[in-house]
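Engineer: kindly generate the corresponding structure for this input.
(one chain, ligands or ions: 1)
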Amino acid sequence: MTATPEHKLAVNLSPAWNESDRLAALAHYRILDTDFEADFDNIVKLACQICDTPTSTITLVDKDRQWFKAEIGMGVRETPLEDTFCKEAILEKDVTIIPDTHKDTRFQSSRYVTDNPHIRFYASANLETQEGLPLGTLCVIDYKPRELNEAQRFALQTLARMAMSQIELRHFLKEKQDGEKRFREMADSINQIVWVTRADGTFDYYNKRWYEYTGLPDGTFDGPEWEKNIPKEDRDIAGPLWEQHLKTGQPFEIKYRLRRADGVYRWVLSRAEPLRNTKGQIEKWYGTCTDIQDLIDARKKAEEANVAKTEFLANMSHEIRTPMNAVIGIANILAKSSPLTQKQLDFIKTLQMSADSLLSLINDLLDIAKIEARTVELESVPFSVTQIVQEVVSMMSVRAQEKGLEFTATSESPGLQHRTFLGDPTRLRQIILNLCSNAIKFTEKGSVQILLHCSPSDKENIENVSIAIKDSGTGIPQDKLETIFQKFTQADNSITRKFGGTGLGLAITRNLTTMMGGDITVESTMGVGSTFTATLPLQVESDKKSGDNDYWSDKSRVEYFQRSAEKSTILLVEDYAANVLVATTFLEQFGYECEVADSGLEAIEKAKRGEIDLILMDVQMHGLNGLEATSMIREYEKKNNLKRVPIIGMTAHVMSGDRERCIAAGMDDYVPKPFNADELQSKISDLLNQ
Ligand code: ADP
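Structural biologist: Residues are numbered from 1 along each chain as shown. All right, here's what the predicted structure looks like:
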C-alpha cells in the first residue's frame with residue numbers, strides 16, 4: 001500500500017464533527033429506507049463504468065448499520081455496521097482508497113475480506129452536507145487488487161457530490177410539499193376565503209371556503225368565475241384596482257360585493273400580499289377574502305342608535321331644562337326677596353347650587369352625545385380671545401372669592417387685546433370655563449391663574465394661541481394624567497363624593513380642542529398644583545392697533561380678585577352627624593366659615609395647618625377625646641411658637657368640675673349641650689375679639 005495521505009485510514013483520529021450531529025443530519029434528510037430511485041441508480045452505474053469495477057454503492061452510515069440507497073453487485077440493502085469500510089471511510093476527508101485489503105492490517109481480517117464477498121479493492125468519496133457532516137459514501141469495490149487513476153478519482157468525487165445534491169433536492173421538494181400540504185390544511189380550516197394567483201393574476205388555488213361560499217363546483221379555477229360573482233358596478237372599480245396592483249406589486253385591500261351560494265350579494269374585504277423570489281420578482285399573490293357584511297350591518301345599526309340617542313338626549317334635555325329654568329328663576333327671585341332668615345337664605349343657596357350643577361350635568365351629557373354622534377358644528381365668526389377670558393373670569397370670580405382664592409388673568413403677548421380671530425367663541429369659552437372651573441374646584445388655597453400666550457405658526461395668518469390655567473391645588477397623580485381625559489374618569493374615586501362632577505368635563509374639553517385643530521396638555525405635581533394648557537391654531541382676522549378694549553393694554557396683568565377680607569373660620573370638632581348639622585347651621589347663621597373634623601386626630605391635623613380662627617371641641621369622642629386633642633394642640637403650638645387658637649369645649653355632661661377639666665386641658669371656655677345660640681355666639685365673638 002502506497003503511503004499517500006488518503007491511503008491511510010484515520011481510524012485513530014477523532015473527526016471534526018460530532019456523531020450525534022451527524023446522525024441528526026441523516027435523520028433530517030429523511031432518506032433512510034426510501035425506495036430505489038433512478039437518479040441514484042444511474043450514479044452507481046456511472047461509477048462502475050468509469051472506475052471499471054463490478055460493484056458500487058451509495059451507502060448511508062446509520063447508527064448500527066450501513067444502508068444502500070443504490071447498489072450494483074451487492075444484492076442486499078443493508079449490512080451491520082461492524083467491520084464495514086464505509087464506517088471508517090467517513091472519518092477521512094473526501095476520498096479513501098484501499099488498493100489491496102490483504103495488505104491493510106485493519107481490514108485483513110474483516111469478514112467482508114475473509115468471507116463473501118471477498119473485497120480486495122475499495123475506494124470511496126464522502127457524501128457531505130454543507131455543514132461538513134459525512135452522511136455516508138459513494139464507493140466502488142473490486143475483488144482483485146487495483147488502483148484508481150487521477151480521472152477516475154475525480155469522477156468518483158464528482159459523482160459523490162451529485163448524489164449529495166440529489167439528496168438535498170429531494171429533501172427540499174419534500175419540505176415544500178409538506179409546507180404546501182400544511183398551508184392547504186390550514187387554509188381549509190378557516191372561515192375566510194383564501195386564494196393564490198400566479199404572478200399574472202390567474203388563479204392557482206382556492207380553499208374549501210370559496211366553494212362553500214359561492215356554491216361553485218369543486219375545482220373551478222378561472223378568474224372569470226370570480227368576476228361573474230361580483231356585480232358589474234363593483235367589478236368596474238375592483239377590476240382596474242386589481243390590475244394596477246398587479247403592476248405595482250404593492251399589497252392591497254379592496255372592498256366589493258360577492259354573490260353567496262344563496263344568491264345574496266354581500267360585502268367582502270379582499271386583501272392580498274405578493275410573494276417574491278430572491279431576485280425580488282413576484283411569483284404569486286396570496287390573498288384572503290372576508291365577509292364583512294355583518295360588521296357593516298352592525299356598524300350601521302350602532303350609528304343609527306347613536307343618532308337616536310342624540311335626538312333623545314336633545315329632546316330630554318329640553319324637557320328637563322324648561323322646568324329647571326323655572327326652578328333656577330324662582331330661586332333667584334326668592335334669594336332677592338326679603339325679609340329672609342339666614343337659614344332660608346342658605347336653603348335657597350343650596351337650591352341654586354343644586355339646580356346649577358344639574359343644568360351643567362345635562363349640558364355635559366348633551367355635549368358628549370353630540371361629539372360621539374359627530375354632530376358638533378363649529379362656527380367661524382370674529383371674536384377677541386382676551387374678551388372671552390375676561391368674561392370667564394367675571395363669571396367664575398364669585399366662586400374663587402368664596403374659596404378665598406386669588407384669581408388672575410395675564411397676557412404674555414402685548415397687544416393681544418387688539419387682535420380679532422376667526423373661530424367658535426362659544427366653544428372656546430366652554431374650554432376655558434371647564435378648565436377654570438376644575439382649577440377652582442380642586443384648589444383649596446392659593447391661586448388660579450390664566451396665562452395667555454400667542455405665537456406665529458408656520459402657516460400664514462394663523463397664530464398659535466395658548467391658554468394655560470395654572471392652579472395651586474391638589475395636583476393629579478402622574479399615572480392619571482392621561483386617563484382623566486377619558487369619559488367618566490376621575491383621578492380618584494373619592495372625588496365624586498368630595499367635589500361632585502361626572503368626569504365628562506375634560507373629555508369634552510379635549511374633544512372640542514382637537515376639533516378646532518388644537519391640543520391640550522397637562523402638567524401636575526401632587527400637593528403643588530396643575531397647569532392645563534390648551535393650544536389652538538386660530539386665524540387672525542384683524543389686528544387693530546388701538547381699540548375700545550384697553551383693559552389689557554395699560555397693565556398686561558389684570559387682577560380680578562384678591563383674597564377676601566378675613567372672615568373667621570371655625571373648626572367644629574364633632575363625631576355625631578346630627579350635632580354637626582345643628583352646630584354648623586348656627587355657626588353659619590352667625591356669619592362664620594365652618595370646617596368640620598369628625599375626630600380628635602383630624603382636629604389636630606387641621607389645627608396644625610393654621611387657618612383656623614377658633615375651635616369648637618366636643619369633649620366625648622371615640623378615639624382621642626376633646627381634652628386629649630386640646631392638650632396636644634397646645635403642645636404643638638408651644639413647640640412651634642405659634643399663636644394660641646381659642647378653643648371652646650362642648651359637652652352634654654353638665655357635671656361640676658367639667659369646666660375645670662376643660663380649662664386644665666388648655667381650653668379657653670366651655671358650653672354645655674344643648675347650647676343656647678346666644679350664649680355660644682357671645683362666647684365665640686368674645687374670644688375672637690380678644
Ligand atoms: P369632573 O371634574 O366632573 O370630575 P373632569 O373630566 O373635568 O371631570 O375631570 C376629571 C378628573 O380630572 C377630575 O375628577 C380630577 O380628578 C382631575 N382634575 C381635573 N382638573 C384638575 C385640577 N385642576 N386639579 C386636580 N385634578 C384635576
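
Engineer: near the ligand, which residues of the stretch 401-550 of the chain?
Structural biologist: Taking C-beta under 6 Å from any ligand atom as the contact definition, the stretch 401-550 of the chain meets the ligand at 438-439, 442, 471, 473-474, 476, 484, 490-492, 495, 501-507, 530. Heads up, the C-betas are built off the backbone N, CA and C, glycines and all.

Engineer: which stretches of the stretch 301-450 of the chain form helices?
Structural biologist: For the stretch 301-450 of the chain, the helices defined by DSSP state H, counting those that start in this stretch cover 342-372, 385-402, 425-441.

Engineer: export those helices to TSV and tack on mean pLDDT?
Structural biologist: Listed next are those as TSV, based on pLDDT from 0 to 100:
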stretch	mean pLDDT
helix 342-372	79
helix 385-402	82
helix 425-441	90
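
Engineer: just those helices: most buried one?
Structural biologist: Of all those, helix 425-441 carries the top mean neighbour count, a mean of 22, counting by mean count of other C-beta atoms under 10 Å.

Engineer: other residues contacting it?
Structural biologist: By C-beta atoms under 8 Å, 6 or more residues apart in numbering, the surrounding residues in contact with helix 425-441 are 367, 378-379, 381, 383, 385, 388-389, 391-393, 395-396, 399-400, 403, 405, 407, 448, 450, 467, 469-471, 473, 499, 501, 505-506, 508-509, 512-513, 515-516, 530, 532, 534, 536.

Engineer: pull that helix out as CSV, backbone CA atoms only.
Structural biologist: C-alpha atoms of helix 425-441 as CSV (Å, rounded to 0.1, in the frame of the first residue of the first chain):
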residue,chain,number,x,y,z
PRO,A,425,-66.1,81.8,20.6
THR,A,426,-68.8,79.8,22.3
ARG,A,427,-66.8,76.6,22.3
LEU,A,428,-63.6,78.4,23.2
ARG,A,429,-65.4,79.9,26.2
GLN,A,430,-66.6,76.4,27.2
ILE,A,431,-63.0,75.1,27.1
ILE,A,432,-61.7,77.9,29.3
LEU,A,433,-64.7,77.7,31.6
ASN,A,434,-64.3,73.9,32.1
LEU,A,435,-60.6,74.3,32.9
CYS,A,436,-61.1,77.2,35.3
SER,A,437,-64.0,75.5,37.0
ASN,A,438,-61.8,72.4,37.6
ALA,A,439,-58.9,74.6,38.8
ILE,A,440,-61.1,76.4,41.3
LYS,A,441,-62.9,73.1,42.3
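
Engineer: most remote residue from the middle of this protein, which is it?
Structural biologist: What lies farthest from the middle of the chain is K144; by C-alpha atoms, centre = their mean that is 79.1 Å.

Engineer: do I have it right that it meets F121?
Structural biologist: Yes. Between K144 and F121 there is a contact under C-beta atoms under 8 Å: 6.6 Å.

Engineer: what pLDDT does F532 get?
Structural biologist: At F532, the pLDDT value in this model is 97.

Engineer: which residues are in contact with it?
Structural biologist: Going by C-beta under 8 Å, 6+ apart, F532 touches 435, 438-439, 468-469, 520-522.

Engineer: tell me the one of those residues nearest the ligand?
Structural biologist: The ligand has its nearest neighbour among those in N438, at 3.4 Å by C-beta to the nearest ligand atom.

Engineer: what pLDDT does G649 get?
Structural biologist: Looking at G649, the pLDDT reads 91.

Engineer: surely it is within a strand?
Structural biologist: Yes. The assignment for G649 (DSSP: H, G, I helix; E, B strand; the rest coil) places it in a strand.

Engineer: with adjacent residues omitted, what lies nearest to R235?
Structural biologist: Nearest residue to R235, sequence neighbours excluded (C-beta to C-beta, 6 or more residues apart in numbering): E227, at 5.8 Å.

Engineer: what helix or strand is that neighbour located in?
Structural biologist: helix 223-228 (DSSP states H and E).

Engineer: V522 now?
Structural biologist: strand 519-525.

Engineer: in the stretch 151-300 of the chain, what residue is nearest the ligand?
Structural biologist: Of all residues in the stretch 151-300 of the chain, R299 sits closest to the ligand, at 27.8 Å by C-beta to the nearest ligand atom.

Engineer: give me the distance between that residue and N306.
Structural biologist: According to C-beta to C-beta, to the nearest Å, R299 stands 10 Å off from N306.

Engineer: still on that earlier bit, what pLDDT does the residue nearest to R235 get?
Structural biologist: On the pLDDT scale, E227 is placed at 76.

Engineer: which other helices and strands contact the helix or strand where Q244 lies?
Structural biologist: Q244 belongs to helix 232-248 when elements are defined using DSSP H and E. Under the contact criterion of 3 or more C-beta pairs under 8 Å, 6 or more residues apart in numbering; DSSP states H and E, helix 232-248 touches strand 252-259.

Engineer: quick one: strands adjacent to the strand it packs on?
Structural biologist: strand 265-276 (antiparallel) (DSSP bridges).

Engineer: mean confidence for the very next helix or strand once past the strand it pairs with?
Structural biologist: Under the assignment DSSP H and E, the closest C-terminal helix or strand after strand 265-276 is strand 282-291. The pLDDT scores in strand 282-291 average 91.

Engineer: strand partners (parallel or antiparallel) of strand 282-291?
Structural biologist: The sheet places strand 282-291 alongside strand 193-198 (antiparallel), strand 265-276 (antiparallel), with pairing taken from DSSP bridges.

Engineer: can you say which of those strands is packed in most?
Structural biologist: Per-stretch averages of neighbours, counted by mean count of other C-beta under 10 Å, single out strand 193-198 among those, with a mean of 20.

Engineer: tell me what the host helix or strand of Q152 is packed against?
Structural biologist: Q152 belongs to helix 150-189 when assigned by DSSP H and E. Of the remaining helices and strands, those touching helix 150-189 by 3+ C-beta pairs under 8 Å, 6+ apart are helix 38-51, strand 95-98, strand 121-128, strand 134-142, helix 208-214.

Engineer: need the ones you listed in CSV (columns: mean neighbour count, distance to the ligand and mean pLDDT).
Structural biologist: Shown next, in CSV, are those (neighbours: other C-beta atoms under 10 Å; distance: least, C-beta to the nearest ligand atom, whole Å; pLDDT from 0 to 100):
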stretch, mean neighbour count, distance to the ligand, mean pLDDT
helix 38-51, 18, 77, 96
strand 95-98, 22, 83, 93
strand 121-128, 26, 72, 96
strand 134-142, 27, 71, 96
helix 208-214, 18, 47, 89
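
Engineer: what angle do the longest strand along the chain and helix 385-402 make?
Structural biologist: Of all the segments of type strand in the chain, defined by DSSP state E, the longest one is strand 529-543. Strand 529-543 runs at 150 degrees relative to helix 385-402, counting by axes from the mean of the first three to the mean of the last three C-alpha atoms, to 10 degrees.

Engineer: give me the distance from strand 529-543 to the chain's centre.
Structural biologist: 29 Å (C-alpha atoms, centre = their mean, to the nearest Å).

Engineer: beyond the helix or strand of the chain with the lowest mean pLDDT, next helix or strand please.
Structural biologist: Every helix and strand of the chain was ranked by mean pLDDT, DSSP states H and E. The lowest is strand 557-561, at a mean of 35. Remark: after strand 557-561, the chain's next helix or strand is strand 569-573, criterion DSSP H and E.
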